[in-house]
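Enquirer: Below: sequence and its predicted model.
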Amino acid sequence: MVEEIIKRLEKVFPDKLELNFSTPFELVVAVVLSAQERDAKVNEVTKELFKKFNTPQQFANASLEEIEKEISSISFYRKKAEYIKKISQILVEKYEGEVPKSIEELEKLPGIGRKSANMILYNAFGINEGIAVDRHVLRVSQRLGLTKQQKPEKAEQELMKLVPKDQWGKFSNLLILLGRYICTAQKPKHSECPLYDLCPSREL
DNA sequence: CTCCCGATAT
DNA sequence: ATATCAGGAG
């Protein structure tokens, strides 16, 4: 079931995020900005933002106001500006400016929770330590009958048993795209769905 | 469980 | 005008 899902989705979607970034640190910033926000909007903002600042050192030295100004069209921009500056300071002070490569270390950073940590690990470093379960992954997994859990963390535990470990990151990336474009929250586009025949929720 | 917060689709 | 989008901290 899961293997078939991945096989079909791979033909239609790429195994990558739609967030634009050129370094692990840029991905960290983009992921923080992407909470409760559309990737397209984040990309608009980071395109300009990264011209001004794109290293932890630069963000750590920038004032909160400068950062806020650049990202003010993003949801929760004050909090996010604060998180980005704080993260940058921590990276400079404790990690020699590098993004840490473990879930535990990433989750300690302000504004980075379990979902973001998983996304960064896989998409920046190719590490499969967990499955990033966002709203899309949760909804699509439920509709496919892979889990009945309502909590992202509980759903992740169940999904990790169903999906081979070396496919965790890919699985998440693919489900996000399916959820974003086809298996949408409202009016899912059944006629365009590559998984229609094996979906228990096809009449939804 | 509440707060953080803006843009776009309807 | 209002619903919808789609995480994390306290």
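Expert: Perfect, thanks for sending it.
Enquirer: residue of chain A with the smallest distance to DNA strand B?
Expert: Here chain A gets closest to DNA strand B at one residue, A:Arg78, 2.4 Å apart by C-beta to the nearest atom of the strand. Quick note: C-beta positions are derived from backbone N, CA and C, even for glycine.
Enquirer: List the residues that contact that residue.
Expert: With contact taken as C-beta atoms under 8 Å, 6 or more residues apart in numbering, A:Arg78 is in contact with A:Glu68.
Enquirer: Next, find the distance separating it from A:Val133.
Expert: Using C-beta to C-beta, to the nearest Å, A:Arg78 is found at 27 Å from A:Val133.
Enquirer: residues in contact with A:Asn118?
Expert: Counting by C-beta under 8 Å, 6+ apart, A:Asn118 touches A:103, A:129-133, A:156, A:168-169, A:172.
Enquirer: for it, helix, strand, or coil?
Expert: Three-state assignment for A:Asn118 (DSSP: H, G, I helix; E, B strand; the rest coil): helix.
Enquirer: So for chain A, the centremost residue is which one?
Expert: Centroid check for chain A by C-alpha atoms, centre = their mean gives A:Met119 as the closest residue, at 4.6 Å.
Enquirer: can I assume that one is in contact with A:Val31?
Expert: Yes - with contact defined as C-beta atoms under 8 Å, A:Met119 and A:Val31 form a contacting pair (5.7 Å).
Enquirer: nearest residue to the residue nearest to the centre of chain A other than its sequence neighbours?
Expert: What sits nearest to A:Met119 in space, not counting adjacent residues and going by C-beta to C-beta, 6 or more residues apart in numbering, is A:Ala132, at 4.4 Å.
Enquirer: I'd say the one you found and A:Phe171 touch.
Expert: No - the criterion here is C-beta under 8 Å, and A:Ala132 misses it with A:Phe171 at 9.2 Å.
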